[in-house]
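need a 3D model of the following:
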Amino acid sequence: MTGSVVVPASLLDEAGDALLADRAADGDARAFAVLVRRHSGMLRAYARRVLGSNAASDDVVQEALITAWRQLPELRDRAAVRGWLIRIVGRKAIDVLRAQRPAVDIDDHDAPAPEGGGPEGVAGANALAGSLDEALRTLPEAQRRAWTLRELGGLGYDEIATDLGLPVSTVRGLLARARTGLIQRMDGWR
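Okay, the predicted model is just below:
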């Protein structure tokens, strides 16, 4: 980081992901810390969704961030740092699941038929998931983030408020509006 310009912390907080990733790749720990604060809530929510455990998800996110710090100079598209971080968390979470699952010989196990009525059930579930994804995309960013952290991440109102840097009352309002919007858009699935 020889010869780099020192940037005040307040300006780093307002910088885009690409600039922060560039600076972090050059060894700027403060820029990396801003990236971590900005995306850690989503990373934890994603890890919880994959693992179903708070303790394991925190460990996975920590390991992923260590890996990210080491591999950041290799990232070509630094504007895509958020997706890259999510992929690292996903790979680490899958590694944890694989390590926890005992090996079963396939010849000793006859898998039960999936619940949900076979192909029709799978098609219906896929259609529902697609409709929910579409409905979520129509929500404003703040509502979508709050809803994702609450419903997929399992975070409480206080945790969401901390992650998003908002008052709890604002989080409650965002979630209420997100739920109302989703109910209206998903009415055909009732």
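
run a quick neighbour tally on Ala33.
14 (other CB atoms under 10 Å). Glycine gets a C-beta too; all of them are placed from N, C-alpha and C.

show me how far the helix or strand hosting it is from its chain's centre.
Element membership for Ala33, per DSSP states H and E: helix 29-51. Distance of helix 29-51 from the chain centroid (CA atoms, centre = their mean, to the nearest Å) equals 7 Å.

got the buried residues for it?
31-32, 34-36, 38-51 (16 or more other CB atoms under 10 Å).

helices and strands around it, which ones?
helix 9-14, helix 17-25, helix 54-71, helix 81-100, helix 157-164 (3 or more CB pairs under 8 Å, 6 or more residues apart in numbering; DSSP states H and E).

quick one: mean pLDDT over that helix.
Confidence for helix 29-51, expressed as mean pLDDT, is 89.

ok so, going back, could you look over the helices and strands packed on helix 29-51 and pick the most buried one?
Each of the helices and strands packed on helix 29-51 was given a mean neighbour count from mean count of other CB atoms under 10 Å, and the largest, a mean of 21, is that of helix 17-25.

what residues does that one touch?
4, 7, 12, 15, 31-32, 34-35, 38, 69, 72-73, 75, 78-79, 81-82 (CB atoms under 8 Å, 6 or more residues apart in numbering).

try stretch 136-150
41-42, 45, 155, 157, 159-160, 163-164, 171, 174-175, 177-179, 181-182, 185.

what residues of stretch 178-186 count as buried?
178, 181-182, 185.

CSV for the residues you listed, including secondary structure?
As requested, these are exported to CSV (DSSP: H, G, I helix; E, B strand; the rest coil):
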residue, secondary structure
Ala178, helix
Gly181, helix
Leu182, helix
Arg185, helix
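
out of those, which is nearest to Val89?
Each of the buried residues of stretch 178-186 was scored against Val89 by CB to CB, and Ala178 proved nearest at 23.3 Å.

who are the neighbours in contact with the closest residue to Ile94 other than its chain neighbours?
In space, and not counting its chain neighbours, Ile94 is closest to Val50: 7.2 Å by CB to CB, 6 or more residues apart in numbering. By CB under 8 Å, 6+ apart, the residues touching Val50 are 57, 89-90, 93-94, 97.

what does the pLDDT read for the closest residue to Asp158 other than its chain neighbours?
Closest residue to Asp158 apart from its sequence neighbours, by CB to CB, 6+ apart: Val168 at 6.1 Å. In this prediction, Val168 carries a pLDDT score of 92.

what's the answer for Val5, then?
pLDDT, Val5: 61.

residues contacting Arg91?
Per CB under 8 Å, 6+ apart, neighbours of Arg91: none.
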